[in-house]
Structures are given as structure tokens and as C-alpha cells.
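Peer 1: Attaching a predicted model along with its sequence, questions to come.
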Amino acid sequence: MSGGEAGRAGSYDEPMPEPEANSFDPVEILSSRVSSAIARAFPGVEGALDPMVTASKQASLGDFQCNAAMALGKRAGVSPREAAARIVGALEVGDVCEPVGEGSIAGPGFINLRLRAEALGGLLSAFDGSGGAAGVSLGVRAPAASETVVVDLCGVNLAKEMHVGHLRATIIGDAVARMYARLGHRVIRQNHLGDWGLPIAMVTGKLMEEVEAGRVTLGGVTLADMGRLYKAAQRECDTRSPAVEAIVRWGMGPKAEAEWEDEFERVRENGERLAKAKRTLVKLQSHDPEVESVWRRIVDVTIAACVSVCARLNAEVLPEHTAGESSYADELGPLVEGLLSRGIAEVDEGAVIVRLDREEWGGIAEPCLIRKRDGGYLYATTDLAAIRRRVGQMGAGRVIYCVDARQSLHFRQVFAACERAGFTAVPGGGRAVLRHAAFGMVLGEDGKPFKTRSGENVRLADLIDEAEARAFAKVTELAGGLSESERREIAWATGVAAIKYTDLSSDRVKDYVFSFDRMVSFEGNTGPYLLYALVRTRSIARKASEAGVMPDLSGVAYSASEPAEKALALSILRYPGVLRGAAEACEPHRVCQYLYDLAGAFARFFDQCPVLKAPTEEVRASRLKLCDLAGRVLADGLETLGIPTVERM
RNA sequence: GCCCCCGUAGUUCAGGUGGAUAGAACAACGGAUUUCUAAUCCGUGGGUCGCAGGUUCGAGUCCUGCCGGGGGCGCCA
């Protein structure tokens, strides 16, 4: 399992809503039938039994398989084959499956089931909401109980441009947020802006000096300027010096000191600047109007740039999602005092910590440090305050942190401390689920963290530019007839699809290798492949309309008798189940994999089943409808991942 | 030293709660009625699933121990 799971096992996710009687999902229907059959065939066996129905790995064996007989045989004291035979004997699936019998049993006791083609049409109608099931949207039902889900994403820092380090937190966070929203939950995005603390005071002070010196104006300063000032300020406040430390430490005397005079001078000057930055920090924390107004300006510029880059990434991160560390500043003192007075926190070597080493506290050896010896607070303190607010005031039943995997220990500590402190108690009752959706690093093709040749972080704006440029060249090559503005639009969507699909399609906890060449080849398992499949569904519909052969699809019945049609139909029906599983695990790559399967099923259907030139008008109508449905599921899935779509390409 | 994560084809990656012969993509090679968009489809070759034990009808998946890589470990965020 991936690391950084929240809390203890008992606070794990609730099971998803039970299937309804008029389900469109073959797995649910067959599971229910198999369960009944087992109950009839083995009345003596106690306890709930998993019917173990899944899609077949190989289409040649069947559409679905039941693996319950092996375990059941053991419990009932009969051979697995015998158990399978008894299940088959009691199984009533004539309305949805082709006849089952001895021949349906294979190997040690697998039961293979094949859906009747006629049954598929009905399932598709139910899936599409036209079969009478109210509140169904592409198979997704409103949840029995809607939950408030807070998704912590993006996590930019003040006065810094967005770079690859923010890519995954933004893309994955947005996708997770969209998945929960799509399932009908109330989602609140939170951009935990790093806008507080000494480094921020350093850059704020630096900017004030620059403005005073007339080198920049507060109104005209850009984020790029601020980034430079940030680095300069860090350098100018750096008092570390191995040479000076060694000389002082080993008492190497005046001669050595004289030789290293410049270095001593640098350390002294930087020390003064650091002290000044600390004074600026105090002013900022006490809401000094002059300092705060400059700080405010930095915040505004940072957020504006962040929102703009996120928009280019088709990630929904807006100013109102900002929840800066500064917004918790006034709560930290009382929070720590409260924990101290309740005996949850304690003073240790002058600092305040929350111990987590007991088994019932989470069994974490390292305590959670929430106040420094000098009285300062740490980012763990802020995260504690954030969880308290999100659960206690915002009503979150689930808080998901899309933050890189290196923070695993930090979140284990913070989550455990919150449990101890009672911050996970939901006002209406119950406990909130805290989840760290940890992700790995973006690596370059050399296997090391992805950087520019000069060793700088790659700016997201540059990354998107590059993807767009490559996509534009490709679109121009393949569809030069389209207008330039349309090609620009397609290039944006295709480039962003390529970037995001690459990021989302592998297991998030692992590092992945970033390669423009591979990503933007647009061949095989890539984002653009999915867009291409979608475009083809729309192209057929467009052609049908132009030719005047597009029927009113609402009056058309689905049918799926050709193997490729059947495979496509079965793939479509899996959508909601995949979405639920992916959301529950915060694993967008499952949706990616599904959409790739669906796109593949559509491509084979496209290849093997003529639509406009179908043998009969009836078949054409059905295929047009199947095509339309496949397109809607593809578009819905892409939308749910935050991948932009296009009409043609 | 302790803790966490990762190890699957030449390369990049998938492989819910253990299930049949471990799947894609890329790269290589060979095909597809001159097309509803070929950014596609079909086929061929390619694997001691890091190693060794264990659990059981069955292990890439679960347990233990190693090996290799990465990350983290109270006064940074």
C-alpha cells in the first residue's frame, strides 16, 4: 500500500453505497445472483460470502467470471469443482446471460459467464439514465450521503513562480477534487499558500528596500522580480560559513581570522541583515501597516500568477481557494496553549511537543513539534490549525492532502496529533478521514530530479510553452487546413492533455520520468490518444448530421451484437465503478487506465463496425447512439481528470 | 542507527479485496478492402515479476529475512 495513510485502520473509508435493484452494472447484478445461488446451494454455510464476480481477463473465456467456488468448497467440505457445479445448478441468470452449465466451469472451479447481447442494450439504457433510473448520469448516482471533502492542493510559495515542484500537487489535487465532485460530494479546494515566516519577511524587507531605492515600484513589480529578490535576500541573509565556523570552533587564532577577513565580514553583514529580517517578521506579525501593505502586494501578485498558470493547466485553482499559512497565525498561540492545558502537549527541552509513541496514539516514535524553544511556531502547528478549521468549521468529513511523499512522516505526525487532540471530530458526529495522497518526484531522463540544464527548477509556464509548441507543430503537420486560432486552441488542449495524462496515468506514489519526446509523440498510451478517440466519436456524429441521417437518439434502442460493439458496451458500463474506486483511493491513474481501455475499445469498434455505412438503418442508429455514449463517457472522464477536450484535431 | 517508499519486457509503465497462459505503450519487424480523421487497427519477437524462504488448492499481490535505489528522522518550510 502507498505510504502516508491516515490515522489508524479503523478510520478507513466507508463502503460505497449499495447497488440498486435496477442496476446497469453487470458485476453488481451477477454478484447478487451468485450470492442468491450460493445461499440456496449451501444453506448450511454461515456468514456472508463474497460472490467474487469480476470481469474476465480473457474475452475468449467469457465476459465475467465467478471465483467463489474454490473458497466455498473449502468451507463446505466439498471439492471446488463440486461447489462450482452446485452454484451453477442454483444460478438464475437466464435473463442476462447465455445458458450456464457444466461447460461453464473451468480449471479448479472458475465459473465463466457470458452476457446475452440483448441484455446489454437494456443495461446501456439504464446506464444512460434513459432506462427509468432517476438521478443517474452516465451511471453515476448521487451518493446516499453527500460528504464535504477538503482537498489541499497546489501549495505554492509567496514570491516564487510555479515550477515542476508544484506540478503534481496541482494536477493530482485538481483531479482528486474533480473526482469527488463528480461523484456528488461537496468539494472545497484549499491552496495552502506558504506566505508566512522568516523567508517571507526577508523578501518583504528586500522589496521595501528596492522600492525605497527607486529600483522598482510596488505597482509594477512582477513575480519574476520577486523571485530574484527572494533569492538575493536568502543569499544576503545566509550566515552559514564552513570556514568561519571551523576557525571559531578550533580556535585557529588571529592569523587565520585575518586571512579570512572578507569571509568574516560577509558573515557579519549577513548577520545584520538577518537580524533586520527578524525585526521585519515581528512587524509583519504585529500587522505593521507599512510592512503589511508591501506583503499584501506580494501575496496578490503571487496568487494572480498562480491562478493564471493553473488556468493554463486547466486546473481549477482560484483566488478564493487560497488559505495562506498567515490566516492561521493568530490561532497558533491559543491552539498550543490549549493542548498544553489539556495535557496533550508537553514541554520538552524548552519546546512544545505532542507525543505519539504509544500504540493508541499512532505508535510514531518521533514526537510532533509544535512550538520552538524561542516561542516560534512550525508548519506542523499551522497544519494542526488547518485541520481543526477544515473539520470543525468547514465541516469536512474527509481532508485530502496532495503533497509530495517526502512529507509522509510529517503528515503521519500531524494526523496522529489531530486524533489525540480531537480535531478530527466532525461537529455532526463521527470522525473525519485524513488522507495524505502522497506522490513521487518528477525526474529527468537522467533519472535525477527534473531540472533545466543550468540546474534551475523548470518553470511551469515554460513547460506548458514547450508542450504547446510541439503540439502546434504536430497539429499544423496533420491538420494544416484548420485556421491558426483553431490550431492554437488544439495545440493547447493537446499539449496540456499530454502533460497531465503523463502525470496522472502512473501510480502517484512513484517517481516518474518526464520526457517531452515520449509525451508529445501523441502515439499509444498518451493524453492526445484519448482526445483523438473523442474527436472521432464527434466526427461521426457531425458527418451523420451533415448527411441528414442522424436520428433522434432518444428514441433509439441500444444494441450490441458484434464483438467490438459488445466489448465497447462492457467497457462503458465499467465507468462509474472505476470512478468510485479511483476517488476512494485518490488514484486518478485508475481513471486514466480505464479511459485508455475505453478509447481502445472504441478504436476497435471504429475499425470493425462501420457506422454511417452500417448494413441497415437500424444498426446505423444503434451504432450512432453507442458512439455518442462512448464519446460522452470519454469526455466526462477527461473532464473529471481535468484534461481539456477538443471537437476536432 | 531507526522508520517509510520503490524494485515487473531493451525503455517507460499497468497489474482493487490473493485466482486461469503476468498486460500495455515505445523501440524493432510484418500486415490493414486508397478510410465514419492512419495521432488508428491487427500480428511477430521479447520476462528467473530484485534474491531466498514461508503461509495455501493457488503468490507479481500476503508474512519474514536479505540485496539494490530513493526519501525521511524535535526547534527550516
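Peer 2: Right, received. Where do you want to start?

Peer 1: Which parts of the stretch 451-600 of chain A are strands?
Peer 2: A:512-513 (DSSP state E, counting those that start in this stretch).

Peer 1: Any residues of it in contact with RNA strand B? List them.
Peer 2: Contact residues, the stretch 451-600 of chain A versus RNA strand B (C-beta under 7 Å from any atom of the strand): A:471, A:474-475, A:478-479, A:490, A:494, A:505-507, A:509-513, A:518, A:521-526, A:528-529, A:532, A:535-536, A:539-540, A:543, A:581, A:585, A:587, A:589-590, A:593, A:596, A:600. Where C-beta positions appear, they are placed from N, C-alpha and C, glycine not excepted.

Peer 1: Taking the residues you listed, please make a PyMOL selection of just the buried ones.
Peer 2: PyMOL command restricting these to the buried ones, with burial defined by 16 or more other C-beta atoms under 10 Å:
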select buried, chain A and resi 471+474+475+490+494+505+506+509+512+522+526+528+529+532+535+536+539+540+585+587+589+590+593+596+600
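
Peer 1: now the strands for the stretch 251-400 of chain A?
Peer 2: Assigned strands in the stretch 251-400 of chain A, in chain order: A:345-348, A:351-354, A:368-371, A:398-401 (criterion: DSSP E, counting those that start in this stretch).

Peer 1: For the third one, which helices and strands make contact with it?
Peer 2: The reference is to strand A:368-371. helix A:329-341, strand A:351-354, helix A:379-392, helix A:408-421 (3 or more C-beta pairs under 8 Å, 6 or more residues apart in numbering; DSSP states H and E).

Peer 1: Same list (the strands of the stretch 251-400 of chain A) but as CSV, adding distance to RNA strand B and mean neighbour count.
Peer 2: As requested, the strands of the stretch 251-400 of chain A are exported to CSV (distance: least, C-beta to the nearest atom of the strand, whole Å; neighbours: other C-beta atoms under 10 Å):
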stretch, distance to RNA strand B, mean neighbour count
strand A:345-348, 6, 16
strand A:351-354, 3, 21
strand A:368-371, 4, 25
strand A:398-401, 13, 26
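
Peer 1: export these to CSV and tack on distance to residue A:445 and mean pLDDT?
Peer 2: Formatted as CSV, the strands of the stretch 251-400 of chain A follow (distance: least, C-beta to C-beta, whole Å; pLDDT from 0 to 100):
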stretch, distance to residue A:445, mean pLDDT
strand A:345-348, 46, 97
strand A:351-354, 43, 98
strand A:368-371, 38, 97
strand A:398-401, 29, 98
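
Peer 1: Point me to the residue of chain A nearest RNA strand B.
Peer 2: residue A:524 (2.0 Å; C-beta to the nearest atom of the strand).

Peer 1: And the pLDDT for that residue?
Peer 2: Predicted confidence (pLDDT) for residue A:524: 94.

Peer 1: what residue is smack in the middle of chain A?
Peer 2: Nearest to the geometric centre of chain A sits residue A:172, at 3.1 Å (C-alpha atoms, centre = their mean).

Peer 1: helix/strand/coil for it?
Peer 2: Of the three states, residue A:172 takes helix under DSSP: H, G, I helix; E, B strand; the rest coil.

Peer 1: Show the contacting residues for it.
Peer 2: A:153, A:402, A:437, A:439, A:503, A:504, A:508, A:586, A:588 (C-beta atoms under 8 Å, 6 or more residues apart in numbering).

Peer 1: returning to what we had before: residue A:149: which of the strands of the stretch 251-400 of chain A is closest?
Peer 2: strand A:398-401 (4.7 Å; C-beta to C-beta).

Peer 1: Using CSV, list the CA coordinates for that closest one.
Peer 2: What follows is strand A:398-401, C-alpha atoms only, in CSV (Å, rounded to 0.1, in the frame of the first residue of the first chain):
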residue,chain,number,x,y,z
ARG,A,398,-12.5,14.0,4.6
VAL,A,399,-9.4,16.0,4.2
ILE,A,400,-7.0,15.0,1.4
TYR,A,401,-3.5,16.4,1.2
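
Peer 1: Report the contact partners of residue A:70.
Peer 2: A:80, A:83, A:108, A:109.

Peer 1: Okay, now the unreliable bits of chain A?
Peer 2: Per-residue confidence for chain A (pLDDT under 70) gives these ranges: A:1-22, A:46-48, A:130-134.

Peer 1: Domain map for it?
Peer 2: A:26-140, A:148-195+A:322-436, A:198-286, A:460-519, A:527-641 (automatic domain parsing).

Peer 1: I'd like those domains as JSON lines, with distance to residue A:304 appended.
Peer 2: Shown next, in JSON lines, are the domains of chain A (distance: least, C-beta to C-beta, whole Å):
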{"stretch": "domain A:26-140", "distance to residue A:304": "35"}
{"stretch": "domain A:148-195+A:322-436", "distance to residue A:304": "11"}
{"stretch": "domain A:198-286", "distance to residue A:304": "8"}
{"stretch": "domain A:460-519", "distance to residue A:304": "13"}
{"stretch": "domain A:527-641", "distance to residue A:304": "26"}
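
Peer 1: So which of those domains is nearest residue A:297?
Peer 2: Here domain A:198-286 is closest among the domains of chain A (C-beta to C-beta), at 5.4 Å.
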